[in-house]
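Asks: Next one to model:
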Amino acid sequence: MKPEVMIVGVYHFGETADLTKVDQKSMETLTAESQEVVEALIRFNPTRLAVEAVPENRGSLNERYAKYQAGDTTLEKNEIDLIGFPLAKQAG
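Replies: Take a look at the predicted model:
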């Protein structure tokens, strides 16, 4: 059986130095919209996830995810926290 791969791209939810700027949404709006995306993606039944992050931040990112799993962190306004973390947790 050939593996299936899904590649999903989203804009950076928070303030960035990107060339293109988008209107900033409230954390409440982003959280609700992100949950809809997570619910749609979980139906794909992912077994591996990759996020765009600076390699040097791997350790701190893994620590933040462990805290997220334990319910001991405040989510930040970015796509890793609002889509990546919940998707990874739900996917197991």
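Asks: Name the residues that touch the worst-scoring helix or strand of the chain on mean pLDDT?
Replies: Ranked by mean pLDDT, DSSP states H and E, the weakest helix or strand in the chain is helix 79, scoring a mean of 92. Helix 79 is contacted by residues 10-13, 34, 51 when judged by CB atoms under 8 Å, 6 or more residues apart in numbering. The way it works is simple: take the backbone N, C-alpha and C, and place the C-beta from them, glycine included.
Asks: pLDDT below threshold where in this structure?
Replies: 18-22 (pLDDT under 70).
Asks: For the longest helix seen in the chain, buried residues please.
Replies: Taking DSSP state H as the criterion, the chain has its longest helix at helix 27-42. For helix 27-42, burial by neighbour count (16 or more other CB atoms under 10 Å) applies to 30-31, 34, 37-38, 41.
Asks: what distance separates the start and the end of stretch 35-50?
Replies: 18 Å (CA to CA, to the nearest Å).
Asks: and if you look at stretch 57-77?
Replies: End residues of stretch 57-77 are separated by 17 Å (CA to CA).
Asks: For that stretch, buried residues please.
Replies: Here stretch 57-77 shows 61, 64-65, 68, 75, 77 as buried, counting by 16+ other CB under 10 Å.
Asks: one step back: how distant is the least confident helix or strand of the chain from the center of its chain?
Replies: 4 Å (CA atoms, centre = their mean, to the nearest Å).
Asks: which other helices and strands contact the next helix-or-strand element following it?
Replies: Later in the chain than helix 79, the nearest helix or strand by DSSP states H and E is helix 85-91. With contacts taken as 3 or more CB pairs under 8 Å, 6 or more residues apart in numbering; DSSP states H and E, helix 85-91 sits against helix 27-42, helix 58-69.
Asks: Residues in contact with helix 85-91: which ones?
Replies: Taking CB under 8 Å, 6+ apart as the rule, helix 85-91 contacts 34-35, 38, 41-42, 45-47, 49, 64-65, 68-69, 75.
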